[in-house]
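Student: Here is a sequence with its predicted model. Questions after.
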Amino acid sequence: MAASYASAVPRMLLRSWRSLFSGRLLLLTNTVSCGGLLAAGDVLQQEWHRRKHSQSQLQLGRTGRMFVVGCSLGPLMHYWYLWLDWALPARGVRCLRTGIKKVLIDQLVASPTMGAWYFMAIGTLEGQSLQESWDELKEKFWEMYKVSPSLSCPLCAAGSRGQPPAAPCPLLVPPQADWSVWPAAQILNFLFVPPPFRVAYVNVVTLGWDTYLSYLKYRPRSPGQEPPRQSQSSAGA
């Protein structure tokens with residue numbers, strides 16, 4: 001009796017897991033996972049910052065805003081990949097040419113759109129005006145989007161001030177790297193990952209990327225520019 005129960009539990013868990021990636025639950029899974037991992041990336045960035053600046057506090061309000069913005073990106077990613085798979089079906093190495101087309105479309109359409117949404121949405125939640133959010137987007141967008149061969153960690157670079165970091169950072173994220181990171185990750189996604197798991201795969205890959213986005217958003221502004229204005233609730237978070 002105990003043996004049959006023990007064997008039934010894994011099957012039940014597997015069925016429950018599969019149900020999260022099918023039917024109506026798939027949209028919910030993609031939405032919550034996007035929000036959760038964007039928030040997790042922000043926590044990692046804050047914790048790494050606190051290792052170098054012990055007086056700083058964990059800003060839960062900031063992490064909460066990351067979660068909200070991540071949840072808003074989830075449905076966009078969900079329906080984007082549904083459309084892309086419908087328009088350009090591709091599975092396996094034999095469909096490499098189609099997979100490359102999908103990567104290019106994803107990089108030229110979805111990536112800049114979602115990057116812009118990220119900065120505008122976070123700015124709005126923090127009480128910035130549309131003009132302030134737009135100015136910040138113009139300042140930081142190309143750094144996020146363009147190719148760079150550098151593989152140094154922006155968090156270490158920000159804290160070390162030209163000196164070697166005290167400990168190696170586990171999150172080596174290219175500081176100008178959308179085109180450095182995503183084409184390789186997405187070709188694997190489009191050719192080998194089953195469609196229901198596309199957003200989940202991207203979310204797992206993006207944990208390091210989300211940490212970088214949090215750094216980029218909250219990095220001090222360039223000299224001569226005002227820092228992003230936050231609401232009173234944001235500043236006290």
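Tutor: Here it is on my side, so go on.
Student: CA atoms for contacts and neighbours, from now on please.
Tutor: Noted.
Student: what's stretch 75-83 in contact with?
Tutor: Under the criterion Cα atoms under 8 Å, 6 or more residues apart in numbering, residues 27, 30-31, 110, 195, 198-199 lie in contact with stretch 75-83.
Student: where do the helices sit along this structure?
Tutor: If you assign secondary structure with DSSP state H, the helices in the chain sit at 2-19, 25-52, 60-87, 96-105, 111-125, 130-145, 154-160, 178-192, 198-218, 232-235.
Student: Adding mean neighbour count and mean pLDDT as columns, could you present the ones you listed in a markdown table?
Tutor: Formatted as a markdown table, the entries for the helices of the chain read as follows, by neighbours: other Cα atoms under 10 Å; pLDDT from 0 to 100:
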| stretch | mean neighbour count | mean pLDDT |
| --- | --- | --- |
| helix 2-19 | 10 | 54 |
| helix 25-52 | 21 | 88 |
| helix 60-87 | 18 | 93 |
| helix 96-105 | 18 | 90 |
| helix 111-125 | 18 | 90 |
| helix 130-145 | 16 | 85 |
| helix 154-160 | 18 | 40 |
| helix 178-192 | 19 | 81 |
| helix 198-218 | 21 | 79 |
| helix 232-235 | 12 | 40 |
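Student: For residue 91, see how far away residue 134 is.
Tutor: The span separating residue 134 from residue 91 equals 39 Å under the rule Cα to Cα, to the nearest Å.
Student: An error on my part: the question was meant for residue 28.
Tutor: If you measure residue 28 against residue 91 using Cα to Cα, the figure is 25 Å.
Student: same question, residue 118
Tutor: In this structure, residue 118 and residue 91 are 30 Å apart, going by Cα to Cα.
Student: Ok, residue 117 next?
Tutor: From residue 117 to residue 91 the distance is 30 Å (Cα to Cα).
Student: ok now do residue 50, which residues does it touch?
Tutor: Going by Cα under 8 Å, 6+ apart, residue 50 touches 56-57.
Student: at 6 Å what do you get?
Tutor: With contact taken as Cα atoms under 6 Å, 6 or more residues apart in numbering, residue 50 is in contact with residue 56.
Student: And for residue 91?
Tutor: Residues touching residue 91, when contacts are defined by Cα under 6 Å, 6+ apart, comprise residue 191.
Student: Can you report phi and psi for it?
Tutor: Its backbone dihedrals place residue 91 at phi -140, psi 130, with angles given as degrees, to the nearest 10.
Student: Would you mind measuring from it to residue 207?
Tutor: 25 Å.
Student: now swap in residue 134 and tell me
Tutor: Counting by Cα to Cα, the separation of residue 134 from residue 207 is 25 Å.
Student: again with residue 184
Tutor: Applying Cα to Cα to residue 184 and residue 207 gives a distance of 16 Å.
Student: Let me know the distance separating residue 187 from residue 92.
Tutor: Here the criterion is Cα to Cα. By it, residue 187 lies 10 Å from residue 92.
Student: what's the answer for residue 218, then?
Tutor: Relative to residue 92, residue 218 is positioned 40 Å away (criterion: Cα to Cα).
Student: what do you get for residue 99?
Tutor: The spacing between residue 99 and residue 92, counted by Cα to Cα, is 9 Å.
Student: Then residue 51?
Tutor: Noted for residue 51: a distance of 44 Å to residue 92, by Cα to Cα.
Student: swap in residue 112?
Tutor: Using Cα to Cα, we find residue 112 at a distance of 27 Å from residue 92.
Student: can you check residue 101 too?
Tutor: According to Cα to Cα, residue 101 and residue 92 sit 14 Å apart.
Student: Next: residue 85.
Tutor: Distance of residue 85 to residue 92, computed by Cα to Cα: 13 Å.
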